[in-house]
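[1] Sequence and predicted structure are below.
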Protein chains: 2
Amino acid sequence: MTADISHLEEKKVASELLFQGRFLRALRDTVALPDGGAATREYVVHPGAVVVIPLLDDGRVVLERQFRYPVACVMVEFPAGKLDADEDPLLCGQRELLEETGYRAREWARAGEMHLAVAYSTEVIHIYFARGLVAGERQLDQGEFLDVFTATPDELLGWCRDGTVTDAKTLACTVWMQNVLSGHWALDWQSADNPAS
Amino acid sequence: MTADISHLEEKKVASELLFQGRFLRALRDTVALPDGGAATREYVVHPGAVVVIPLLDDGRVVLERQFRYPVACVMVEFPAGKLDADEDPLLCGQRELLEETGYRAREWARAGEMHLAVAYSTEVIHIYFARGLVAGERQLDQGEFLDVFTATPDELLGWCRDGTVTDAKTLACTVWMQNVLSGHWALDWQSADNPAS
């Protein structure tokens, strides 16, 4: 699917720092609209992230339960985390899976990526599958609290339907999980010859 | 699935306005961690939104193509928009579908909701299906530019797989679309007796 986008595109005219927090950084840009008009765009600048769909040998998947302060709920999520500066997404996925769950994986496959909040964030999340999982000790960051548990793919789908799972990145990963496990979408699996240490 | 969350929960100690932009508003809260430690949480306060999965009588779905400045791409998305103050989500969905695409729908079904960016935004998106669509004139906001087009569900799934669709809310809606259209997930359809005018 290709399309001429010149009638949709907005072009940057100016950019100013809206604020720099400890975690969040936001910009306000002035843009030229397709019709020549002007508008402002306020958005959060994010380093990017990785989410991992970990498939256990028994057919179950690894999930996390974590309190998410902005929405004041404990969310069920696939393991995920932010990229460190200049970090390779695959290495980030291996690091986050190990730190948060204790699992290392013998094989990894890149699925795709998602843009999380296109109206007000630059965040892109790289989506990986992991299999050949070997359990070990997790290494949570200071001040990080989360539970690790496992579920069958059917249980996870049921939770997406009944409202137990509402995390957008986890719902988006569930499209991938369902179509890969049904055999409709193929993955290009690679050995983890550079596992996070 | 129920779980004791007391070992995960964070409690607010203090809250300050980080900034108030024209569109974005952000807070920085100090929280008590489950182990008694302290941390700060910076997040965007969002009014909430609605996304609509519009099913045409011929089996196709209605999609939009819109330039999203923060990610500097034209994104393929289901129609969506922010809630006005105190707006009912269903009425918001009817309003946004009409404004952005020109379609009115005879029947609506609430599917569920998603939390878009749980690490740094309060945003919840209510998910609706619409069917019995009747085309009309769209009524875009000043400075709003987007293309409306249609696709088969299989085309949309192919675009999720090949990276054409990377918008997280649209990927999340695709889980719903796929499982509703396959007959695995049932919806409770309601007549649109209060259509947006």
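    Now that the structure is in, tell me what you want to look at. Residues are numbered from 1 along each chain as shown, chains lettered A, B, ... in the order given.
[2] Flag the shaky bits of chain A, pLDDT-wise.
    A:1-3, A:194-197 (pLDDT under 70).
[3] what's the spacing between A:Asp88 and A:His126?
    10 Å (Cβ to Cβ, to the nearest Å). C-betas here are computed from N, CA, C, even on glycine.
[4] quick one: which of those two has more around it?
    A:His126 (21 against 14; other Cβ atoms under 10 Å in any protein chain shown).
[5] Could you confirm whether any residue of stretch A:171-186 contacts chain B?
    Yes - using Cβ under 8 Å from any Cβ of the partner chain, stretch A:171-186 reaches chain B at A:171-172, A:174-175, A:178-179, A:185.
[6] Tell me which residues are up against that stretch.
    Stretch A:171-186 is contacted by residues A:51, A:53, A:61, A:78, A:111-112, A:114, A:127, A:129, A:153, A:156-157, A:160, A:165, A:187, B:114, B:157, B:160-161, B:168, B:171-172, B:174-175, B:178-179 when judged by Cβ atoms under 8 Å, 6 or more residues apart in numbering or on different chains.
[7] if we go to 7 Å?
    The contact list for stretch A:171-186 (Cβ atoms under 7 Å, 6 or more residues apart in numbering or on different chains) reads A:51, A:53, A:61, A:78, A:111, A:114, A:127, A:129, A:153, A:156-157, A:160, A:165, A:187, B:114, B:160-161, B:168, B:171-172, B:174-175.
[8] And the buried ones among the residues you listed, selectable in PyMOL?
    Selection of buried members from the contacts of stretch A:171-186 for PyMOL, criterion 16 or more other Cβ atoms under 10 Å in any protein chain shown:
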select buried, (chain A and resi 51+53+61+78+111+114+127+129+153+156+157+160+165) or (chain B and resi 114+160+161+168+171+172+174+175)
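[9] Any part of stretch A:26-34 near chain B?
    Yes - using Cβ under 7 Å from any Cβ of the partner chain, stretch A:26-34 reaches chain B at A:26, A:28, A:31, A:33-34.
[10] Quick check: which element contains the residue lying farthest from the centre of chain A?
    Computed with Cα atoms, centre = their mean, the residue of chain A farthest from its C-alpha average is A:Gly36, at 35.4 Å. Assigned by DSSP states H and E, A:Gly36 belongs to no helix or strand.
[11] what about it, distance to B:Gln142?
    13 Å.
[12] Ok, A:Leu24 next?
    29 Å.
[13] And for A:Gln139?
    52 Å.
[14] Just list the residues touching A:His7, thanks.
    Here A:His7 is in contact with A:34, B:145 (Cβ under 7 Å, 6+ apart).
[15] Same check on A:Thr150?
    Contacts of A:Thr150 (Cβ under 7 Å, 6+ apart): A:56, A:60-63.
[16] can you give me the strands in chain A?
    A:11-20, A:25-32, A:38-44, A:49-54, A:61-68, A:73-77, A:80-82, A:104-115, A:124-134, A:147-151, A:190-191 (DSSP state E).
[17] ok, and which of the ones you listed has the densest surroundings?
    Most buried of those, by mean neighbour count (mean count of other Cβ atoms under 10 Å in any protein chain shown): strand A:49-54, with a mean of 25.
[18] what lines up beside it in the sheet?
    Using DSSP bridges, strand A:49-54 pairs in its sheet with strand A:80-82 (antiparallel), strand A:124-134 (parallel).
[19] How far does the shortest one sit from its chain's centre?
    The reference is to strand A:80-82. Centroid displacement of strand A:80-82 relative to its chain, using Cα atoms, centre = their mean, to the nearest Å, is 6 Å.
[20] what residues does that strand touch?
    A:47, A:49-52, A:92, A:96, A:100, A:125, A:169.
[21] need these in a markdown table with distance to A:Ala192, can you?
    Putting the contacts of strand A:80-82 into a markdown table (distance: Cβ to Cβ, whole Å) gives the following:
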| residue | distance to A:Ala192 |
| --- | --- |
| A:Pro47 | 23 |
| A:Ala49 | 20 |
| A:Val50 | 14 |
| A:Val51 | 17 |
| A:Val52 | 12 |
| A:Cys92 | 13 |
| A:Glu96 | 14 |
| A:Glu100 | 17 |
| A:Ile125 | 20 |
| A:Lys169 | 22 |
